[in-house]
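In: fold the following for me, if possible:
(chains A and B)
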Amino acid sequence: MNDTPKLVALLDTLMPGDGIDWPAAGAHGLADKTWEMARLQPDGEQAISTMISMLPPGFNDLPEDAREAALREIETDEPAIFGSVVSFAYNAYYTDPEVRDVIERVCGYENRPPQPLGYELPPFDESLLDQVKARGPIWRAVPDS
Amino acid sequence: MTERVDVVIVGAGASGAAVAWRFAGAGMSVVCLERGGWIDYDQVPSRSTDWELARQTTHHPNPNIRANEWDYPIDDADAAIKPMMYNAVGGSTLHWGAHFPRFRPSDFRARSLDGVAEDWPLSYGDLAPYYEENDRIMGVAGINGDPGNPHRDPRQMQPLPIGRGAERMANAFDSLGWHWWVSDAAINTEPYGEGRGACNNCGPCDLGCALRARSSTDVTYWPLAVRAGARLVTGARVFEIETDASGKATGVAFCDESGETRRIQASVVVLAANGVGTARLMLLSRSAAHPNGLGNQNDLVGRHLMHHPTGMVTGVFDEPIDGFKGPFATSILCQEFYETDPERDFVRGFQMQLVRSDAPLGTAVGVYLPRVPWGEDHHQRFLDVFGRTASLTVTTEDLPNPENRVTLSSDVTDGDGLPAPKMTYRVDGNTKRMIRFGIDRATEAFEAAGAVETLPQSLLEGAGFHLLGTARMGEDPEVSVVDGNCRVHSAPNVLVVDGSVFVTAAALNPTPTIQAIALRAADALIRDRAGIEVAA
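Out: Prediction:
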């Protein structure tokens, strides 16, 4: 049986998008990548399969509030499996280049690895320490120190 | 033919590297056996676009999750705090945040001052020159004059930039009249050491520093040690300290990279495999002279396992503070509540360290914050918190408890079929009360800083990054495993130079103290070597 439509609906329920900047995770085509993320973890594929098997019949055709209610029930009953699947979905979404472009556009966080550019930060301003310096020693002396 | 050397060292991390340099510099023949290999700096994840995934997989700090070819499993089913360590040349300094604080003088005198635990058989004054020497080799960024600590020599480099979140918290600490100081960090803020560049504030020090700016010992001590003549063997999994009929060590047995069993004979065996690995090896080393494991005649090896149980409060600000910029773990700290106060319902104290915020994926899956909720509000919540948080750890002093321990697992084995170490650990009531108090104080600080939301975590399960106390030092062989010079009481040509020897844990990061103790122990052995009995 093809589980992809259910997984797409599941992803769209987890991260539905906002219709402006953020894409809905399933419609954005992240089902395969979610499987890929699951395969990086022991028992990851089993977690997704179990999760899909727990979805009610016709899940992908349910209205959004009914899908959400179904997922809340599974989250309560099987928190470990549910949590794993959410992590796989987030891993797929937040490493997707187009989502990283959204983050750059909306938050200013550049879509690039930390290296080689790093980040500029102003040097430490030592005058910030004036008040604490004025307080004097607070460490506890011992006879042999 | 079996190789014979003056010193064989097990473990090439923080302390093994330091003593390899010291012994080799004294003209001794030195071999260090390390189960891992050298890190390839061209392959560090911070150069790739999916670098955040590495934190959950190939570079996860927990060896049970990372499970790479250099790791061994740890049975942690009965441990409230899970192990975090790395096996490679450089050891756990390779994924370390590089906080570089020193113990306070009072940390060595918990029994005398506060009536708990035991005093150490050495003092802050004994270690002070070694702290200074170690600082010069590792390279420390910071500023002198901290009123929370005794005088020390000028730091090698100017401090790290602390960022906007830390500036807000510094002002908050000032408004509350609390101590704070910029963190000493073993991270270059200018080129320092051989081939080591300056930090460019990229953030994920834990994934390996592409610039070699973070002072892991593969780029600090090891080049010096190798030049001094020390020989480093990688892929060497030591499984026994061999002894003669009198109990003195004759050398070690290990599996090499090809799986062959090999032996090295040595006048002195040095254990530097951390508080879990060293205890495991001692327990594995049973012989007629040590039927319960080397040095374990009083059933003390592996006992008194200490961590730094850690709570955390994350504050959310109403503006971006770019917390993803800068070394993730190091900026400023607060030691206002470090010493015992009889007005409180716990003894000893804690330190608060400010942690910067996470990158996008880490924010979403929840590291310092709870996981961003799924569903309709997911995207708005992400925007509310991403780049707008800072976190204070509540890093507590863990009192030694003999029931917290490392033993040999009866359920889990490693790739060579040997019993894995088993950690048994629970958090005691004193620590729980301390964390509760600390969370209230951290919350108070964030409120003073204008945070719009504060989110506490009472105990971080993944706080097993400091593995201490499992071969404690002391002058009385009935209640300790090694003496004040780190020599095993019942096998004095065996030194333990890692965090296993700690008598108490203090409430801060142990690496400078581990390395200072190791250098001091090496000097004592060099000084006394003519009088130390070795196996025939």
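In: from the contact counts, what lies against whichever strand or helix holds B:Met169?
Out: Taking DSSP states H and E as the criterion, the element that holds B:Met169 is helix B:163-176. On a contact count with 3 or more C-beta pairs under 8 Å, 6 or more residues apart in numbering or on different chains; DSSP states H and E, helix B:163-176 meets helix A:130-134, strand B:332-334, strand B:350-355, strand B:389-396, helix B:429-448. (Glycine included, C-beta is placed from N, CA and C.)
In: what's downstream of that helix, the next helix or strand?
Out: Next helix or strand after helix B:163-176 toward the C-terminus (DSSP H and E): strand B:181-182.
In: how far does that next one sit from the chain's center?
Out: Between the mean C-alpha location of strand B:181-182 and the chain-wide mean there is a distance of 21 Å, by C-alpha atoms, centre = their mean, to the nearest Å.
In: just give me the residue closest to the centre of the chain.
Out: By default, I'm working from chain A. When chain A is reduced to its mean C-alpha position, the nearest residue by C-alpha atoms, centre = their mean turns out to be A:Tyr90, at 3.5 Å.
In: oops, chain B please
Out: Closest residue to the average C-alpha location of chain B: B:His466 at 4.2 Å, with C-alpha atoms, centre = their mean.
In: check contacts around that residue.
Out: Residues counted as contacts of B:His466 (C-beta atoms under 8 Å, 6 or more residues apart in numbering or on different chains) are B:Met306, B:His307, B:His308, B:Gly499, B:Ala505, B:Asn509, B:Pro510.
In: same question for B:Cys334.
Out: Residues touching B:Cys334, when contacts are defined by C-beta under 8 Å, 6+ apart, comprise B:Phe173, B:Trp178, B:His179, B:Trp180, B:Gln351, B:Met352, B:Gln353, B:Leu392, B:Ala445.
In: for it, which non-adjacent residue is spatially closest?
Out: B:Met352 (4.3 Å; C-beta to C-beta, 6 or more residues apart in numbering or on different chains).
In: so which strand or helix has B:Ile264?
Out: In this structure, B:Ile264 sits in strand B:261-271 according to DSSP H and E.
In: so what strands line up beside that strand?
Out: Its sheet considered, strand B:261-271 pairs with strand B:3-10 (parallel), strand B:249-255 (antiparallel), strand B:491-496 (parallel) by DSSP bridges.
In: which residues touch the helix or strand that the shortest one is followed by?
Out: Next along the chain after strand B:491-496, taking DSSP H and E as the criterion, comes helix B:511-528. Contacts made with helix B:511-528 from outside it, assessed by C-beta under 8 Å, 6+ apart, are listed as B:14-15, B:18-19, B:22-23, B:26, B:28, B:93, B:96, B:99-103, B:122, B:126-127, B:130-131, B:133-135, B:138, B:186, B:268, B:272, B:485-487, B:495, B:497-499, B:501-502, B:506, B:532.
In: report the buried residues of helix B:511-528.
Out: Applying a neighbour-count criterion of 16 or more other C-beta atoms under 10 Å in any protein chain shown, one finds B:511-525 buried in helix B:511-528.
In: same question, stretch B:469-476
Out: Of the residues in stretch B:469-476, those with enough neighbours to count as buried (16+ other C-beta under 10 Å) are B:Gly469, B:Thr470, B:Ala471, B:Arg472, B:Met473, B:Gly474.
In: please identify which pair of those lies farthest apart.
Out: B:Thr470 and B:Gly474 (13.5 Å; C-beta to C-beta).
In: now the angle from the strand holding B:Ile264 to helix B:511-528?
Out: Going by axes from the mean of the first three to the mean of the last three C-alpha atoms, to 10 degrees, strand B:261-271 is angled at 100 degrees with respect to helix B:511-528.
In: which SSE is immediately downstream of strand B:261-271?
Out: Sequence-wise, the next helix or strand downstream of strand B:261-271 (DSSP H and E) is helix B:274-284.
In: mean confidence (pLDDT) on that following helix, please.
Out: The average of the pLDDT scores along helix B:274-284 is 98.
In: which parts of the stretch 51-200 of chain B sit against chain A?
Out: Where the stretch 51-200 of chain B comes near chain A, counting by C-beta under 8 Å from any C-beta of the partner chain, the residues are B:51-53, B:56-57, B:104-106, B:108-109, B:112-113, B:123-125, B:143, B:145, B:147-150, B:158-163, B:167, B:170-171, B:173-174, B:179-182, B:199-200.
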